[in-house]
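In: prediction below, plus the sequence it came from.
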Amino acid sequence: MTQLPWTRFVAFGDSLTEGVGDPTPSGLRGWADRLAEGLRAADPGLSYANLAYRGLTTRGVIDAQLERVLEMEPDLTTAVVGMNDLIDPGFDAGRFAHDLDALVEPLCATSSTVMMATYPDVTLHLRVPARMKIRLRGRLLAANEVIRRTSSEHGTLLVDADDLVERSTDVASFSIDRLHPGPLGHLLIARAFADLLGDLAGVTIPMPDPAGGSHGAGRIGQARWLLGQVSPLDVVRFVSRLRSGR
């Protein structure tokens with residue numbers, strides 16, 4: 001075993017960090033949990049908490065979670081947010097940049113290692129009209145540039161979706177809703193962060209298998225989970241938000 005340079009890993013954010021798209025019989029798993037498993041395999045003394053939950057914009061994450069995260073004094077944390085900003089009809093890249101900076105700056109001021117990530121092109125497999133895909137793709141490109149710039153300005157770790165292997169945009173990497181990663185997509189994100197952290201720590205961080213023995217139901221399991229969590233009205237609202245956006 002190796003003693004890592006981090007002792008407290010706190011993940012927070014929206015549905016991506018919560019683990020939506022990667023259900024197990026006991027609950028969601030997700031990239032942050034997978035990464036924590038790998039870190040703990042290298043150093044069992046690492047503590048871990050995941051405060052993320054779905055539906056929050058970047059401003060919502062600041063209001064609901066940031067204070068608690070800072071009180072926990074993590075030396076490793078996340079700032080992986082933005083998709084709910086993108087699908088909001090009033091999305092504004094300038095406001096998103098302001099909010100993301102307001103989220104990242106206090107974390108970096110604590111000397112915590114902060115992890116960020118850009119988004120892959122979710123429109124490749126999203127089943128919505130072409131004009132909605134074009135609108136969402138434009139927002140996604142603008143948001144990714146904001147994320148890259150913010151990461152550079154604050155010196156955070158960044159997993160850039162453009163640098164991931166081709167499977168990051170393969171339909172098999174997405175969940176059945178085509179918006180969130182599936183188990184394979186969450187594993188790709190976890191491995192990308194593990195590579196960055198392993199380079200910093202000078203160790204190889206082992207990662208679990210894609211399913212880890214807990215997702216044998218595959219896409220059937222995803223569908224059952226989705227039906228239990230998302231109502232038809234939620235789908236209508238999502239499409240309406242894209243349609244009414246600028």
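Out: Cool, got the structure.
In: show me the strands in this structure, by range?
Out: 8-11, 23-24, 27-28, 47-50, 76-78, 113-117, 157-159 (DSSP state E).
In: each with direction, which strands does the second one pair with?
Out: The one in question is strand 23-24. Next to strand 23-24 in the sheet, as set by DSSP bridges, lie strand 27-28 (antiparallel).
In: now swap in the last one and tell me
Out: Sheet pairing for strand 157-159, assigned by DSSP bridges, gives strand 113-117 (parallel).
In: give me the helix or strand of this protein that scores worst on average pLDDT.
Out: helix 218-229 (a mean of 46; mean pLDDT, DSSP states H and E).
In: quick one: contacts for the residue nearest to residue 142 when sequence neighbours are not counted?
Out: Nearest non-adjacent residue to residue 142, counting by C-beta to C-beta, 6 or more residues apart in numbering: residue 93, 4.4 Å away. C-beta: built from backbone N, CA, C; applies to glycine. By C-beta atoms under 8 Å, 6 or more residues apart in numbering, the residues touching residue 93 are 139, 142, 143, 145, 146.
In: ok, residue 45 next?
Out: Residue 45 touches 3, 7, counting by C-beta under 8 Å, 6+ apart.
In: do you know how far it is from residue 29?
Out: Residue 45 sits 22 Å away from residue 29 when distances are taken as C-beta to C-beta, to the nearest Å.
In: thinking again about what came up before, quick one: the residue nearest to residue 142 from residue 137, how far?
Out: 14 Å.
In: ditto for residue 85
Out: Taking C-beta to C-beta, one finds residue 85 at 15 Å from residue 137.
In: ok, those two, which is more surrounded?
Out: A side-by-side neighbour count of residue 85 and residue 137, using other C-beta atoms under 10 Å, places residue 85 first with 24 against 16.
In: hmm, the more buried one is touching residue 96, no?
Out: Yes. Between residue 85 and residue 96 there is a contact under C-beta atoms under 8 Å: 5.0 Å.
In: measure how buried residue 27 is and give me the count.
Out: 13.
In: oh, I was asking about residue 92
Out: 14.
In: let me know the pLDDT of it.
Out: With respect to pLDDT, residue 92 has a value of 96.
In: mind saving the C-alpha coords of stretch 3-23 as CSV?
Out: C-alpha atoms of stretch 3-23 as CSV (Å, rounded to 0.1, in the frame of the first residue of the first chain):
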residue,chain,number,x,y,z
GLN,A,3,0.3,6.7,1.3
LEU,A,4,-1.3,9.2,-1.1
PRO,A,5,-0.8,12.9,-0.7
TRP,A,6,-4.5,13.3,-0.1
THR,A,7,-6.4,12.3,3.0
ARG,A,8,-10.0,13.7,2.4
PHE,A,9,-11.7,13.3,-1.0
VAL,A,10,-15.0,15.1,-1.2
ALA,A,11,-17.0,14.9,-4.4
PHE,A,12,-20.0,17.3,-5.0
GLY,A,13,-21.9,18.7,-7.9
ASP,A,14,-24.9,17.5,-10.0
SER,A,15,-26.2,14.2,-11.5
LEU,A,16,-22.9,13.4,-13.3
THR,A,17,-21.0,13.3,-10.0
GLU,A,18,-23.9,11.7,-8.2
GLY,A,19,-23.6,8.8,-10.6
VAL,A,20,-26.7,8.9,-12.7
GLY,A,21,-26.4,6.4,-15.5
ASP,A,22,-24.5,3.9,-13.4
PRO,A,23,-27.0,2.2,-11.2
